[in-house]
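> What shape does this take:
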Amino acid sequence: MDELVVTITRGDACARRTCEYRLPALPGASVMDVLDYIYENLDPTLSYFSHEACRQSACGKCLVRVNGKVCLACGCPAGAGPLVLEPWNEHVVRDLLCE
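Numbering: from 1, shown residues only. Next up, the predicted model:
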């Protein structure tokens with residue numbers, strides 16, 4: 001069975017750490033789909049911006065750094081991985097949420 005390895009920078013602006021998650025391959029998934037899977041199945045403490053009303057790469061609130069490149073999680077394909085997810089700027093509130 002194929003798996004996707006995702007490393008996420010967690011914590012607040014003062015205390016950062018990385019957590020690794022292993023999940024089944026999700027063909028055609030966006031980065032938002034991956035975050036939702038982790039939140040719903042592996043770690044309900046993960047903080048990220050998810051907004052069901054958008055998910056069309058329109059509002060811009062789900063910015064995240066994916067493998068070093070800033071993009072919208074709802075419109076960025078996850079691909080086959082591995083994925084490294086980090087806050088998009090240094091103004092971190094918690095995990096992937098930024099001001």
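
> C-alpha from now on. contacts and neighbour counts both.
Noted.

> Let's see stretch 59-78 as CSV, backbone CA atoms only.
Only the C-alpha atoms of stretch 59-78 are listed here, as CSV (Å, rounded to 0.1, in the frame of the first residue of the first chain):
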residue,chain,number,x,y,z
CYS,A,59,-10.3,33.9,-0.5
GLY,A,60,-6.5,33.4,0.1
LYS,A,61,-6.8,32.5,3.8
CYS,A,62,-5.4,29.0,3.6
LEU,A,63,-1.9,30.1,2.6
VAL,A,64,0.8,27.6,3.6
ARG,A,65,4.4,26.9,2.6
VAL,A,66,4.5,23.5,0.7
ASN,A,67,8.0,22.1,0.1
GLY,A,68,9.3,25.7,0.4
LYS,A,69,6.8,27.3,-1.9
VAL,A,70,3.9,29.5,-0.6
CYS,A,71,0.6,28.4,-2.1
LEU,A,72,-3.1,28.0,-1.2
ALA,A,73,-3.7,24.7,0.5
CYS,A,74,-7.1,24.3,-1.2
GLY,A,75,-5.7,24.7,-4.7
CYS,A,76,-2.3,23.1,-4.4
PRO,A,77,-2.1,19.4,-5.4
ALA,A,78,-0.5,17.2,-2.8
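
> any weak-confidence spans in the chain?
For the chain, the stretches with pLDDT under 70 are 1, 51-58.

> Could you grab the helix/strand/coil label for the most centrally placed residue in it?
Among the residues of the chain, the one closest to the centroid is L35, at 4.7 Å (CA atoms, centre = their mean). Taking DSSP: H, G, I helix; E, B strand; the rest coil as the rule, one finds L35 in the helix state.
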